[in-house]
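Novice: take a look and give me a structure for this.
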Amino acid sequence: MDLRQISFRLLEVFMSVVKSGSISETARRLHLTQPTVSLQIKRLQETVAEPLFYTYQQRLHPTDAGMRLFQTCQQVFGHFEDYQGYLDELRGGERGHCRIAMVNTAQYILPKLYGPFSATHPNVEMHVEVGNRAHVLSRFERGEDDLYVFSHPPTLEHAQAARFLKNPLVFIAPKGHPLSQSSGLNLADVVKYRFLLRESGSATRMLFESELQSRGLVLSNSVKMASNEAIREAVSAGMGVAVLSEHVLGQDQSNIVKLDVSDTHLASHWYFVVRTDRHISHSAKSFLRFATSHLERYLDSPWTENELHRLNVTEQQP
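Specialist: Below you'll find the predicted structure:
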């Protein structure tokens, strides 16, 4: 591979195609023509002497060689972003980008941390991506962000996780439900009713289904819903019962009752996760240091479990 034939602009076009999966979308984003983008990708593939993309379901996907080049580009561009941040720091400011991807439920928690951080670091740009577990895992696999938040972190060699908050799960029903006045319920009593569930792969659903399987229980009736908010509102409207994170319930619980299921105690933890094989921005490290020092102050202290010091990236750089 002749590096003299590769320019930063060429790599920028390549990275955009990987992210968008589309020549036309890349052309729109970069204000280029489609033939120009296609020619750039052709030039790059000829220089690398390996196919960089394949087409599946009318989208472009990176080959193994393409994904490795994409990760290399992220490292290179990341280091140049850091250098620009270093120059800004020399001029007396704190600048940079902190990219966080989190699963849906975490959006009820993280603003309590990155809100105060942004107030004290106004020149740090926070980029927050929220999605279901599959979406955030996909971003993690591509290494698109600095930090990730999961309740069940990926068990991969290049994933380093540290828990910071307990995530208790509660059974809820609408007021007036046949179970709403009962105490000392068993899980077998609850599963007879219609359950509102997140999509397959949701961490809460996986934990709940694992409990059912271990007890030899099966739901008699269930409905899949797209979000925690939808489930909470549907329970409030009398559509069924559900199991949700306590952090999701919010202040207004006037139409919801927490069920006393005495033989079942479901809980997990929230984790910050980083990729050990990827460059982490100085701004993201600064945010983690802030979270390590201020976790109990800004989150509900009964639920905090601060192990963020275990992340090597929280160490102060010389």
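Novice: going by C-alpha atoms from here, please, whenever you check contacts or count neighbours.
Specialist: Will do.
Novice: all helices of this structure, in order?
Specialist: 8-20, 23-30, 34-48, 64-90, 111-120, 133-142, 187-190, 203-215, 228-236, 282-298 (DSSP state H).
Novice: so which residue is dead centre in the protein?
Specialist: Central residue of the chain (C-alpha atoms, centre = their mean): M102, 2.4 Å from the mean position.
Novice: tell me the spacing between the closest residue to it other than its chain neighbours and D82.
Specialist: Computed as C-alpha to C-alpha, 6 or more residues apart in numbering, the closest residue to M102 that is not its neighbour in sequence is V149, at 4.6 Å. Computed with C-alpha to C-alpha, to the nearest Å, the distance linking V149 and D82 is 23 Å.
Novice: want to throw the helices of the chain into JSON lines with mean pLDDT and distance to T276?
Specialist: Supplementary listing: these in JSON lines, determined by pLDDT from 0 to 100; distance: least, C-alpha to C-alpha, whole Å:
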{"stretch": "helix 8-20", "mean pLDDT": "93", "distance to T276": "21"}
{"stretch": "helix 23-30", "mean pLDDT": "94", "distance to T276": "29"}
{"stretch": "helix 34-48", "mean pLDDT": "93", "distance to T276": "26"}
{"stretch": "helix 64-90", "mean pLDDT": "85", "distance to T276": "12"}
{"stretch": "helix 111-120", "mean pLDDT": "92", "distance to T276": "22"}
{"stretch": "helix 133-142", "mean pLDDT": "92", "distance to T276": "11"}
{"stretch": "helix 187-190", "mean pLDDT": "93", "distance to T276": "40"}
{"stretch": "helix 203-215", "mean pLDDT": "91", "distance to T276": "23"}
{"stretch": "helix 228-236", "mean pLDDT": "91", "distance to T276": "31"}
{"stretch": "helix 282-298", "mean pLDDT": "90", "distance to T276": "13"}
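Novice: and the chain, what are its domain boundaries?
Specialist: In the domain annotation for the chain, the residue ranges read 3-69, 93-165+269-314, 167-267 (automatic domain parsing).
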